[in-house]
Structures are given as C-alpha cells and as structure tokens.
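1. Need the 3D shape of this:
(one chain, ligands or ions: 1)
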Amino acid sequence: MNIRKVIIPVAGWGTRSLPASKNIPKEMLPIYKKPVVQYVVEEAMRGGIKDVVFITNRDKNAIEDHFDYNLQLEAVLERGGKTKLLEEIRAVAEMVNVISIRQKRQLGLGHAVLCAREAVAGDDAFGIMVGDDLIFGENAGLSQLLDITRATGLPTVGVMEVPRDKVNRYGIVAGKETSPGIYEVSQLVEKPDIDKAPSNLAIVGRYVLTPELFDFLAAGKPGHGGEIQLTDAMQELCTAKGMIAVKMNGVRFDAGDWVDYLTANIYFALQDEDLREGLRARLQKLLHA
Ligand code: G1P
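-> Reported below is the predicted structural model:
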C-alpha cells in the first residue's frame, strides 16, 4: 500500500500559547533544544515517511525555513569549526521533502486537511498529524497506525483514554475492542457533552486515512464550533469503509497546554546525559524550597 505523505496542519492561531506565540508560530516554540514541529516530523520519519505537507498561513514561514538549509549560518559554523552543530542543523534540512499549502481561511481542521487533496492525490492512504500533539516512546505514534493500515488497507486513528470530565475537549471514538488496544470503530463524535459521550477514548491527533475522506470533507457542513470538522468526515468514512482505532503507546504531551509543555521540556531534557544530573538536582531543590 502506497503511504508516502503526512499532512501536518499548522495554520492555527495558537491562542493557548500566547503571548509566546505572538510573532512565532506556536509549532516553533522550543521543547528543550528543538521546536515542537521537529518532534512531530521525527515521529513521521520513524514511520518511514519522507514527504510532509504543511498546511500553513502567511505567518508560518519559519516552519518551512526550519526544514531548509541556512547557508549563512552554516558558513559561520564552518568557519568557527563548530562541526557538530553544523552537522546537526544540516541534518534538519535533510529530514523530509516539504510541500507547503496555504490555508487562506481558517475554517476548521477538516478544511485544513481538504487543502491537501491535490498534494496527496495518487497515494492509497496518507497520515495526518496534529502539530500540537507530541507522542514519544518505543513503537509509539504514527508508526503504529501505518503498520495496521499497510496490513489491512483500513483507515486508522490514534486514541487514548482520558478522564470522563475531559471528553468534551476531544474527538471521541466508540467501538468494539477486538484485541488489546485495538478497536473496530462504530462511532466518532467531535467534542461531545460530558453526559453524551459514547466512551472516554479520545482522538490524539494521529490518523492514517484513505482518499475517500476528501469527498466527505468537500461535502461536509460546519459541525462543532461552526467549523468543518475532520471527525465528522471520518464518521462517514467509517460507515462507508470501516475504521480501526489504536491505543497509542508511549507518552503524550499537548504542547498547547502549559503544564504539558513544561513537563515535555523536562522529560526531553532529562534524557540528555549531559544535563540529567544537574537538572535533577535543581528540580529537587526547587520542589522542596
Ligand atoms: C482536534 C480534533 C479532535 C482531536 C484533537 C487532538 O481538536 O478536532 O478531534 O481530539 O485535535 O488534539 P483541536 O485540539 O484542534 O480542537
């Protein structure tokens, strides 16, 4: 099965990250040493993806630039003999091929995905990754979905259990668990009221979907919040073709939530051996002050 591209919608305003995101795309805010979006792209690469379709707007050029060469900076590093840094920033430029599409009006996540229709034409399926969601761990995230869609041809969606009182913040999925952590989806609802949610299995911003989706998106009416919702078109895709929900392994951080954002910084910094001891000591001191 031909799955070569992921769509990463990055045209959102990022109001949750203000004022930090006033003049910087929220996707470019750093988590430890790398911008949020680099973690997402690296996750796609772990699934063997080489082509990324960013759905952007006029204020998001920094994202494309990050995945391109910066010859001036490279020359400065080269002259200064900073070989390791030079290699590191060149490697970022070489990670993926970038296709950029402007979402000229922000009409919802479904609308953003629809903007990529021509860019993914000809592929049997394609990934979608919400740029705020970070998933990290062994065999965690998009690759879990790619494996199943490649094997079955069916659309897949990443989920995790959330507390009942938080179901109204997510797309919610209901279905039959056919093996541990794998569900045959019967229903998808975008941000249901807490007392009407069919389950507490929440969509966590990872999808591998098939091209029929675009017809449902194109015909879609505004849903929750007056926006064209991806979840609504997925319900139709599910009815027409079937769909599998997969519990995501690893840890998940929502980069638009300050507690998660800060925790993610610490989580990734603690994995750096050069920092671990010092950071631990400072944190312990801080917490016991
Ligand atoms: C979007 C989707 C929602 C999903 C969430 C995951 O919502 O519409 O179904 O649960 O991403 O992060 P948003 O967070 O953009 O409002």
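2. so how far is residue 259 from the residue in the stretch 51-200 of the chain positioned nearest to the ligand?
-> Using Cβ to the nearest ligand atom, the single residue of the stretch 51-200 of the chain nearest to the ligand is residue 171, 2.4 Å away. In short, each C-beta sits where N, CA and C put it, glycine included. To residue 259, residue 171 is 21 Å away according to Cβ to Cβ, to the nearest Å.
3. Look at the two and report which has more neighbours.
-> Per other Cβ atoms under 10 Å, whichever of residue 171 and residue 259 has more neighbours is residue 171, with 26 against 9.
4. Let me see the ranges of the strands in the chain.
-> 5-9, 30-31, 34-35, 51-56, 97-102, 126-129, 133-136, 156-161, 171-179, 182-190, 201-209, 244-247, 251-254 (DSSP state E).
5. Now mean pLDDT too, for the ones you listed, in TSV please.
-> Putting these into TSV (pLDDT from 0 to 100) gives the following:
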stretch	mean pLDDT
strand 5-9	98
strand 30-31	97
strand 34-35	97
strand 51-56	98
strand 97-102	97
strand 126-129	98
strand 133-136	95
strand 156-161	98
strand 171-179	97
strand 182-190	97
strand 201-209	97
strand 244-247	98
strand 251-254	96
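6. Same list, those, but as JSON lines with distance to residue 145 please.
-> Shown next, in JSON lines, are the strands of the chain (distance: least, Cβ to Cβ, whole Å):
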{"stretch": "strand 5-9", "distance to residue 145": "11"}
{"stretch": "strand 30-31", "distance to residue 145": "23"}
{"stretch": "strand 34-35", "distance to residue 145": "23"}
{"stretch": "strand 51-56", "distance to residue 145": "16"}
{"stretch": "strand 97-102", "distance to residue 145": "21"}
{"stretch": "strand 126-129", "distance to residue 145": "7"}
{"stretch": "strand 133-136", "distance to residue 145": "11"}
{"stretch": "strand 156-161", "distance to residue 145": "4"}
{"stretch": "strand 171-179", "distance to residue 145": "13"}
{"stretch": "strand 182-190", "distance to residue 145": "11"}
{"stretch": "strand 201-209", "distance to residue 145": "4"}
{"stretch": "strand 244-247", "distance to residue 145": "6"}
{"stretch": "strand 251-254", "distance to residue 145": "14"}
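7. Go through the ones you listed and name the closest to residue 226.
-> With Cβ to Cβ, the closest approach to residue 226 among these belongs to strand 182-190: 11.8 Å.
8. now the helices for this protein?
-> 36-46, 61-66, 71-79, 83-93, 109-114, 117-120, 142-152, 212-218, 230-241, 258-270, 273-287 (DSSP state H).
9. Residues of the stretch 101-250 of the chain that sit close to the ligand?
-> With the criterion set to Cβ under 6 Å from any ligand atom, the stretch 101-250 of the chain comes near the ligand through 109, 130, 132-133, 170-171, 190, 202-205, 230-231.
10. 8 Å instead?
-> 109, 130, 132-133, 169-172, 190-191, 202-205, 224, 229-231 (Cβ under 8 Å from any ligand atom).
11. and the residues you listed, which are buried?
-> 109, 130, 132-133, 170-172, 190-191, 202-205, 229-231 (16 or more other Cβ atoms under 10 Å).
12. Right, I'll leave it there.
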